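[1] Just need the structure, nothing else, for what follows:
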Amino acid sequence: MTPDDITRTFLDHYHRYDHQRAPESSLVPPPGDPVLFTTSGMHPLTPYLLGRPYPGGRRLANVQRCLRTTDLDEVGDSTHLTVFQMLGSWSLGDYDIVTSLRWGFELLTDGFGIPAGRLHATVFGGGNGEGPDDTARDTWTGLGVPVEALGEDNWWSNGPTGPCGPDSEIFVWTGDGPPTGTPSTDARWVEVWNHVQMRYHRHPDGRLTPLPHSSIDTGMGLERLEMVLRGDRSVFTGDGLRQWVDAVRDRWNLRGADLRVVSDHLRSAVVVLGDGVRPGNTGRGYVLRRLLRRALTVLWRDDPARTLNDLPPRVYGDTLRRFRQPVDVGSLHAMLVDEERRFRGLLRRGRPIVDRVRARGPLTERDYHWLHDTHGLPRDLVDGLLAEAS
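    Next comes the predicted model:
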């Protein structure tokens, strides 16, 4: 199944159960939202999970582009991405976790054809004053799916405050031969879907108070589901990433983690630019700048002559189409090349400055602050120059 097939199957399944399609939001949250980027499908729906009536009904589904800066250091393995697409469904005070899990099981087995014997679930086993989620456990047992009860790993929140509650994660066996072990003991169990019971609001002082109504929030990464359905073990073999991987490998002969980092970061930068963010020294602009500079640092490690001008425009256009962003490819490419030019200039000016400071001995926190505040050299760039010189 292609990503388009997967998305259509997902939305059609929930449409049959009277879910309306919620509009997709930008990666950039509305003014006043303290979060830099939309991190999950539920993020734009937070006010309605807290109790405000939603004008589109109480059953919703959609596909939402997301960015998680917390995963930046994980990128380079076979399953983590900075920007990804999230398939989501919601019950805003309507049906309960039993219904959500049963419909989810139906979609995975009948809709996507995953054998029930390759599924495993985890549920909240209790902790922090909350009892175990016996309802979710009994539901999975009744469906013939093995269950593992865990602690904080199965308590979901979107941050230190806000809506939260116990969740049930669904894993698919990706190993050869019959499934063995459990999700917590064998990495060949890959998580594809999470069903969260939004029951509580966590306050800044840590208190939990019940929400006006209990809601269900589910999220399933499109790229990871595609990987599982293809029988692969890397998200980078899927339709949405393969063009980047092929273009980067063919032009610059990268392999392994370097290939994955450059492919992910350039693709992610295109999506962030597509939602109107521009490179800068703070906030969202700095995240975008960091993505591009991390990719360029890897590229130039072996050959400083490499340039983003080497990439064909079609890879940008394909990504913009997949993320439903009507942006001119030519202007986007020009912004990427301009940021590359700025970074080259910064490196040229920064190397002798860092060398002079380093000659006095190991860099201190005061040195890092001075380099940043006086010369605009952020810590990760300074560390890269230090590694380059050693």
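
[2] tally of neighbours for the nearest residue to A295 once chain neighbours are set aside?
    The shortest distance from A295 to any residue other than its chain neighbours is 4.0 Å, reached at H265 (C-beta to C-beta, 6 or more residues apart in numbering). Heads up, the C-betas are built off the backbone N, CA and C, glycines and all. The number of residues packed around H265, counting by other C-beta atoms under 10 Å, is 27.

[3] what about H265, is that helix, strand or coil?
    Reducing the assignment at H265 to three states with DSSP: H, G, I helix; E, B strand; the rest coil gives helix.

[4] That one against L292, yeah?
    Yes - under the criterion of C-beta atoms under 8 Å, H265 lies in contact with L292, with a separation of 7.0 Å.

[5] about what we covered before: per-residue confidence for the residue nearest to A295?
    The predicted local distance difference test score for H265 is 97.

[6] Please name the residues that touch it.
    Under the criterion of C-beta atoms under 8 Å, 6 or more residues apart in numbering, the contact partners of H265 comprise 75, 82, 291-292, 294-295.

[7] can you tell me how far it sits from G231?
    When distance is defined by C-beta to C-beta, to the nearest Å, H265 is 27 Å away from G231.

[8] S331 too?
    Per C-beta to C-beta, S331 is found 39 Å from G231.

[9] quick revisit: find residues that contact each of H265 and L292.
    Shared contacts of H265 and L292, defined by C-beta under 8 Å, 6+ apart, are not found at any residue.

[10] contacting residues around the lowest-mean-pLDDT helix or strand in the chain?
    Here the helix or strand of the chain ranked lowest by mean pLDDT, DSSP states H and E is helix 379-389, holding a mean of 78. Helix 379-389 has contacts (C-beta under 8 Å, 6+ apart) with 290, 293-294, 297, 301, 346-347, 350-351, 354-355, 358, 363, 368, 371-372, 377.

[11] So which residues of the stretch 151-300 of the chain form helices?
    Using DSSP state H, counting those that start in this stretch, the helices assigned to the stretch 151-300 of the chain run over residues 222-230, 239-252, 256-274, 283-302.

[12] who does the first one touch, helix- and strand-wise?
    In this case it means helix 222-230. Applying 3 or more C-beta pairs under 8 Å, 6 or more residues apart in numbering; DSSP states H and E, we find helix 222-230 packed against helix 3-16, strand 83-91, strand 189-202, helix 239-252.

[13] before we move on, back to that, let's see the ChimeraX selection covering just the buried ones among the contacts of helix 379-389.
    Of the contacts of helix 379-389, the buried ones go into a single ChimeraX selection, burial set by 16 or more other C-beta atoms under 10 Å:
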select :290,293,294,297,346,347,350,354,358,363,368,371,377
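
[14] Tell me the secondary structure at G56.
    Secondary structure assignment for G56 (three-state DSSP): coil.

[15] just checking, it touches A22?
    Yes - in this structure G56 lies within contact range of A22 using C-beta under 8 Å: 6.3 Å.

[16] of those two, who's got more company?
    Taking G56 and A22 together and counting by other C-beta under 10 Å, A22 has the greater number of neighbours (22 against 13).

[17] What distance do you get for that one to A61?
    Counting by C-beta to C-beta, the gap between A22 and A61 amounts to 7 Å.

[18] Looking at the helices and strands packed on helix 222-230, which one is packed in the most?
    strand 83-91 (a mean of 25; mean count of other C-beta atoms under 10 Å).

[19] Let me see the mean pLDDT of the helix or strand just after that one.
    Tracing the chain past strand 83-91, the next element assigned as helix or strand by DSSP states H and E is helix 97-106. The average pLDDT for helix 97-106 rounds to 98.

[20] what packs against helix 97-106?
    In this structure, helix 97-106 packs against helix 3-16, strand 83-91, helix 134-142, strand 162-173, strand 189-202, strand 208-221, with contacts taken as 3+ C-beta pairs under 8 Å, 6+ apart.

[21] List of residues touching the next helix or strand after the first one?
    I take that to be helix 3-16. Later in the chain than helix 3-16, the nearest helix or strand by DSSP H and E is strand 20-21. The contact list for strand 20-21 (C-beta under 8 Å, 6+ apart) reads 11, 15, 56-57, 59-62.

[22] Parallel or antiparallel, which strands does strand 20-21 pair with?
    Strand 20-21 has the following sheet partners, assigned by DSSP bridges: strand 59-67 (parallel).

[23] For the residue lying closest to D303 once chain neighbours are set aside, give me its contacts.
    On the basis of C-beta to C-beta, 6+ apart, the spatially nearest residue to D303 that is not a chain neighbour turns out to be W252, at 7.5 Å. Under the criterion of C-beta under 8 Å, 6+ apart, the neighbours of W252 are 262, 299, 303, 306, 310.

[24] can you pull the buried residues of stretch 312-325?
    Along stretch 312-325, these residues count as buried under the neighbour rule (16+ other C-beta under 10 Å): 315-320, 322-323, 325.

[25] What is the nearest of those residues to L108?
    R322 (22.8 Å; C-beta to C-beta).

[26] pLDDT value on the nearest residue to that closest one once chain neighbours are set aside, please?
    Spatial nearest neighbour of R322, excluding adjacent residues (C-beta to C-beta, 6+ apart): G240 at 5.4 Å. G240 is assigned a pLDDT of 92 by the prediction.
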